[in-house]
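**Student:** generate coordinates for the sequence data below:
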Amino acid sequence: MAGWTLRLHGVGNASAVELGSAMASIECDGRPWLTIDCGAEGLTAFEVLYGHPPDAVFITHVHLDHVAGLERLFVSSYFDPQRRGRVRLYVPAPVVPLLQRRVADYPNVLAEGGANFWDAFQLVPVSDAFWHDGQRLEVFPVRHHWPDTAFGLRLRGSVVWSGDTRPIPEMLARHADAGELIAHDCALHGNPSHTGLDDLEREYPDALRKRMLLYHYAGQADAVAMVARGYRVARPGESWPLAEPRTALPAPA
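**Tutor:** Okay, the predicted model is just below:
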């Protein structure tokens, strides 16, 4: 499929195994361009679909349903001479030490020794924005568990990925002001860490909600109920068309 699309590899919360771990890829001309998160079920879905592991991943936060696939990605990358040290991991700078402790700090990552976890990857710590393959992406903090531990992503004019979050109207006023598709965490019922449908309707204007695609919910019953309320709800494996990004480098003169 030509153009830009958002491919959902998984859309569920940490307990909704049948929906897959919340993970997606921004595709360009049918190929994975940048993958968001790397959960265990999501990575399996990615590899089944494309026939290879991801080449570039943005990490939103380090809960295991979003990073459990990194150990497997380490193995597939480290033992492939063409991929070792070339798989890009874009990680918000405050998340880097959390990811180190959560995943990378396991002692002696290979039983035979001689390797560090980061040898398999090209780690790119990011702050407010970063460049990937000629496009500029924006990074912004969200409300999930604790300040500065979880982040969202924007490809201007194309897509905003909220990551796991409570409502963030002040962030979306700034980072979703160019008509983007907004993939937003939402279940039928919210909690102190995630958005619920009532939260969504209380915190966001109607015009913004009409651009939302809801994901990270608890099960099929949630999806049915949210669709009945007039919302678009993401399903595993779906592909959603995106507008052309407005962030590319200018063509050389």
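**Student:** I figured Ala120 hits Tyr78, correct?
**Tutor:** Yes: at 4.0 Å, Ala120 and Tyr78 qualify as touching, with contact defined as Cβ atoms under 8 Å. For glycine as for every other residue, the C-beta is placed from the backbone atoms N, C-alpha and C.
**Student:** these two: who's more crowded?
**Tutor:** In this view Ala120 and Tyr78 are compared by other Cβ atoms under 10 Å, and Ala120 has more residues nearby, 24 against 20.
**Student:** ramachandran coordinates for that one?
**Tutor:** With angles defined as degrees, to the nearest 10, Ala120 shows backbone torsions of phi -80, psi -20.
**Student:** and the pLDDT at it?
**Tutor:** Each residue has a pLDDT score; the one for Ala120 is 98.
**Student:** what sits against it?
**Tutor:** Leu73, Phe74, Ser77, Tyr78, Arg83, Arg84, Gly85, Val87 (Cβ atoms under 8 Å, 6 or more residues apart in numbering).
**Student:** what's the closest of those to Gly219?
**Tutor:** Within the contacts of Ala120, proximity to Gly219 (Cβ to Cβ) peaks at Leu73, which comes in at 27.3 Å.
**Student:** count the neighbours of the closest one for me.
**Tutor:** Number of residues near Leu73 (other Cβ under 10 Å) recorded here: 23.
**Student:** shouldn't it be within a helix?
**Tutor:** Yes: with DSSP: H, G, I helix; E, B strand; the rest coil as the criterion, Leu73 is located in a helix.
**Student:** against which helices or strands is the helix ranked longest in the chain packed?
**Tutor:** Looking across the chain with DSSP state H, the single longest helix is helix 40-50. Helices and strands touching helix 40-50, as assessed by 3 or more Cβ pairs under 8 Å, 6 or more residues apart in numbering; DSSP states H and E, comprise strand 4-10, strand 23-28, strand 31-36, helix 70-78.
**Student:** can you put these in JSON lines and add distance to Leu99 and mean pLDDT?
**Tutor:** Listed next are the helices and strands packed on helix 40-50 as JSON lines, based on distance: least, Cβ to Cβ, whole Å; pLDDT from 0 to 100:
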{"stretch": "strand 4-10", "distance to Leu99": "19", "mean pLDDT": "98"}
{"stretch": "strand 23-28", "distance to Leu99": "16", "mean pLDDT": "98"}
{"stretch": "strand 31-36", "distance to Leu99": "15", "mean pLDDT": "98"}
{"stretch": "helix 70-78", "distance to Leu99": "8", "mean pLDDT": "98"}
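**Student:** now render these as JSON lines, adding distance to Pro107.
**Tutor:** Compiled in JSON lines, the helices and strands packed on helix 40-50 are given as follows (distance: least, Cβ to Cβ, whole Å):
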{"stretch": "strand 4-10", "distance to Pro107": "30"}
{"stretch": "strand 23-28", "distance to Pro107": "28"}
{"stretch": "strand 31-36", "distance to Pro107": "28"}
{"stretch": "helix 70-78", "distance to Pro107": "14"}
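**Student:** mind checking these for the one nearest to Tyr231?
**Tutor:** Across the helices and strands packed on helix 40-50, the minimum distance to Tyr231, taken as Cβ to Cβ, is reached by strand 4-10, at 15.0 Å.
**Student:** list the buried residues in stretch 103-119.
**Tutor:** Along stretch 103-119, the positions that meet the burial threshold by neighbour count (16 or more other Cβ atoms under 10 Å) are Val103, Ala104, Val109, Phe117.
**Student:** swap that for stretch 14-23, please
**Tutor:** Within stretch 14-23, the residues that qualify as buried by neighbour count (16+ other Cβ under 10 Å) are Ala14, Ala16, Leu19, Gly20, Ser21, Ala22, Met23.
**Student:** let's see which of those end up in strands.
**Tutor:** When these are checked against strands (DSSP state E), the matches are Met23.
**Student:** among the buried residues of stretch 14-23, which one lies nearest to Phe58?
**Tutor:** Distance ranking of those against Phe58, using Cβ to Cβ, places Met23 first at 10.7 Å.
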